[in-house]
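Novice: Need coordinates for the below:
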Amino acid sequence: MNCRYGVSVVVLLLAAFYSAFSLRAQSLAKLQSTNFVRSAGLRIEPGLSYTWGTAADSFFKDYAGVLGGTRREFDTPISGTLRISRHIDEHQSAGIVVGFLRSTLRENYNYIPTRMSPALAPAQNITQNINLETIPLMLCYDLYPVDRQFTSYVGAAAGIGFSHLRWFEDITSSANPGARSKGLRFDDWLYHIVLEARTGVSLGFDGSVESAFRSGLRFECSYRFIPVRGQFMENVAKSFAAQPPASLSESYTIDVGGVSVHVGIMIVLRHTERPRRTP
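Specialist: Next comes the predicted model:
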C-alpha cells in the first residue's frame, strides 16, 4: 500500500485518541450530575465503504511480466458492513462485524511476444476476468470517551475472513506453435485472518437525552489487513507450452484491505429509568 495512506491512518488514530481522552474527565463529571440512569444499549450500524490501497505486488509483477497484462491493481468498488454491538457501559461497546467486499480485475489486451522477456507464446488477444469476493467476520471493541451528540470514537476488530476467487482467461485461438488456450485458472474458497483499526464520529440526530431510541449518522476511517493467499497462477503455468517461471507455481498474497472510508447510520436501543429515591 502506498506509504502516504499508512501515515494518514496513523495521524488520524493519534488525533482521535488525544481528543477522546482529553475530554473523558469532562464527560464523566457531566454524567454524575444527571438524574437518570441509562442501561447498556444495543447498537446496530449498517454502512457502506470505499477502499484504497489493495496490495498484491508479487502477483502483479508476474501478471505483467509473464502474462503481459497492463493493470497494476484491483478495482474495489463500494462494499457493505454491518456492526452489531452492545454497550458495556456509556463509554465502551463490544460486538461483531460482518462485511462484504468485491475486488475485480477485468481488461483486454494483446500479448505481444517482442515486448516480453522471455516470450512464452505467440501473439494473441487476451481478456482477463478475475473476481475476488471476501466476507470478513470479526469481533469488535469500540471506545466512546465522550457522550455527546457528536461523539468521536476509536476501535479495533479481529477475526476470520472467507474469500472466493474466480479467474477466467478468454484467449483467442491461434494455429501458431505454443499458442495458449482459454480456460478457468482458479476457482476456490480460501480463509484467512482479518484485522482492523478505526476511528470515526457519530452524529446523533436531535432528540431527548433520556430517549430509549437514538439514531444518527456515522463517518469513519479505518485500515484493514486482509491477506488472501493461494496458488492463483498454478493453472496459468500449465497453459504455456514453453517452460514458464517457477514463481507461477508458488503462492501469492493479495491484501484486499487497505484504507477505507465508511458512511453509515447508527441505531441505539436502550432502557432509561430514573433512580429510586430512598425514604
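Novice: Could you use CA atoms for every contact and neighbour count after this?
Specialist: Will do.
Novice: so where do the strands sit in the stretch 101-250 of the chain?
Specialist: According to DSSP state E, counting those that start in this stretch, the stretch 101-250 of the chain carries its strands in the segments 124-143, 150-171, 183-204, 213-225, 227-230.
Novice: The second one: which residues count as buried?
Specialist: When neighbours are counted by 16 or more other C-alpha atoms under 10 Å, the buried residues of strand 150-171 are found to be 151-159, 161-171.
Novice: now swap in the fourth one and tell me
Specialist: Within strand 213-225, the residues that qualify as buried are 213-225, counting by 16+ other C-alpha under 10 Å.
Novice: List the neighbouring strands of it plus their orientation.
Specialist: Sheet pairing here is set by DSSP bridges, and for strand 213-225 it gives strand 183-204 (antiparallel), strand 258-269 (antiparallel).
Novice: right, and the strands of the stretch 101-250 of the chain - which one's nearest residue 258?
Specialist: Nearest to residue 258, of all those, is strand 213-225, at 5.2 Å by C-alpha to C-alpha.
Novice: From the rest of the structure, what touches the closest one?
Specialist: When contacts are defined by C-alpha atoms under 8 Å, 6 or more residues apart in numbering, strand 213-225 is touched by residues 9, 194-205, 207, 255-270.
Novice: If we use 7 Å, what do you get?
Specialist: 9, 194-205, 255, 257-270 (C-alpha atoms under 7 Å, 6 or more residues apart in numbering).
Novice: one step back: quick one, which of the strands paired with strand 213-225 is nearest to residue 247?
Specialist: Checking the strands paired with strand 213-225 against residue 247 by C-alpha to C-alpha gives strand 183-204 as the closest, at 15.5 Å.
Novice: Now do the buried residues in the closest one.
Specialist: Judged by neighbour count (16+ other C-alpha under 10 Å), strand 183-204 contains these buried residues: 185-186, 191, 193-204.
Novice: show me where pLDDT drops low in the stretch 51-200 of the chain?
Specialist: Applying pLDDT under 70 to the stretch 51-200 of the chain flags the ranges 146-149.
Novice: Give me the distance between the nearest residue to residue 258 once chain neighbours are set aside and residue 260.
Specialist: Taking C-alpha to C-alpha, 6 or more residues apart in numbering as the measure, residue 258 lies nearest to residue 53, with 4.8 Å between them; neighbours along the chain are not counted. Between residue 53 and residue 260 the computed distance is 9 Å (C-alpha to C-alpha, to the nearest Å).
Novice: what about the residue nearest to residue 67 when sequence neighbours are not counted, how many neighbours?
Specialist: Spatially, and ignoring its direct neighbours in sequence, residue 67 is nearest to residue 111 (7.4 Å; C-alpha to C-alpha, 6+ apart). Using other C-alpha atoms under 10 Å, residue 111 has 20 neighbouring residues.
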